[in-house]
Each structure stands twice: as C-alpha cells, then as structure tokens.
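Undergrad: mind looking at a prediction? Sequence and model below.
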Amino acid sequence: MIEEQFKYAIAFIDALCFTELCFILYTYLQDKNESKTWIDTILCVLYATTSLFHMTFFTVPAYRLYERNQTTTAIATTMFQNQLNRKHDQFLDCLLLLFTHKLQVSEINFTAGGFFVVTRQLFLTFISLVLTYVAIMLQFGHIPNSCLVQSSAKI
C-alpha cells in the first residue's frame, strides 16, 4: 500500500521539480532587464535549491531502501549457504530457501510511478542535472543582452 502511493509521489515530485527547474532557467535567461542584480541571481539559485531539496526528500529514502534490499538478499543467501553446511534441518532449509527466493524475485524497491527504479546513481544524475542548470543560469546571467540571440521578429 505504501509502495503504491509512494511511487506516484516520487514520479509527481520529480516531474514537478524538473518542470520548475526548466521554468526557473527559462525565466532567468529571458529576463533582459538591465537592472538585474545579484539578489535576483541568489533568488533563482535559492528556488533551484528548494526544488532540489524537495526532490531529495522523496528520492533518498527510495534509494536507501533499494540498497538495504541488496544487503538483505546477500545476508539471506549467506545464511542459506551456512545452513546447508551445518546440521540438516530440512524444514528450516526450505524456509530459508523460500525467503531468499522471494527476496530475489520480488525486490523491495520504490519505482517512480512504475517507470524506473530509484537508485543512488539515478539520484546523483538528478543532482548533476540541477547543478548544471544552476551553472548555466549563472553563466548566461552575466552575458550582456546584446550578446544574446535575438528573435527573428525583432530583427
């Protein structure tokens, strides 16, 4: 039940944060006002950081659960192998085998709406994407308006 609701929350938050970051970048680059100050830049970076925080609030528990599942599967496999080397209690062997098989077949993880599994590598990709947006904002924010590409309607 929690997984069903949480996976849609992750998908919604990630989609919302990416849309918000694209909007922040677009509005910052389209603002050709000569009176743009460093406060405007700080506010845009603050909004981008807030969006990143919202993304991490939902994504970090998901990838931690995925990593703990991998650890639990390894421990269960080791327990099963150790049990085979000791006394043979067939009932316990069957239970351990069934438990290990269930862990391997139905992994415990959170998906983003069923589209992709949230892992640490994916989370680092999200963070690098956000930092790239911030770098582009800062880089293009200091270019004079005459250097920016003018639309064909103004030419």
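TA: In hand now; what should we look at? Numbering: from 1, shown residues only.
Undergrad: and the residue most central in space within the chain, what does it touch?
TA: Nearest to the geometric centre of the chain sits residue 123, at 3.6 Å (Cα atoms, centre = their mean). Contacts of residue 123 were listed using Cβ atoms under 8 Å, 6 or more residues apart in numbering, and they are 56, 59-60, 63. Heads up, the C-betas are built off the backbone N, CA and C, glycines and all.
Undergrad: can you do 6 Å?
TA: Listed by Cβ atoms under 6 Å, 6 or more residues apart in numbering, the contact partners of residue 123 are 59, 63.
Undergrad: run through the protein and note the low-pLDDT ranges.
TA: Along the chain, the parts satisfying pLDDT under 70 run over 1-7, 32-35, 84, 87, 103-116, 141-155.
Undergrad: and the helices in it?
TA: Counting by DSSP state H, the chain has helices at residues 2-30, 38-85, 90-105, 120-141.
Undergrad: how much space between the residue lying closest to residue 18 once chain neighbours are set aside and residue 123?
TA: Once flanking residues are discounted, residue 18 sits nearest to residue 129: 7.9 Å by Cβ to Cβ, 6 or more residues apart in numbering. According to Cβ to Cβ, to the nearest Å, residue 129 and residue 123 sit 11 Å apart.
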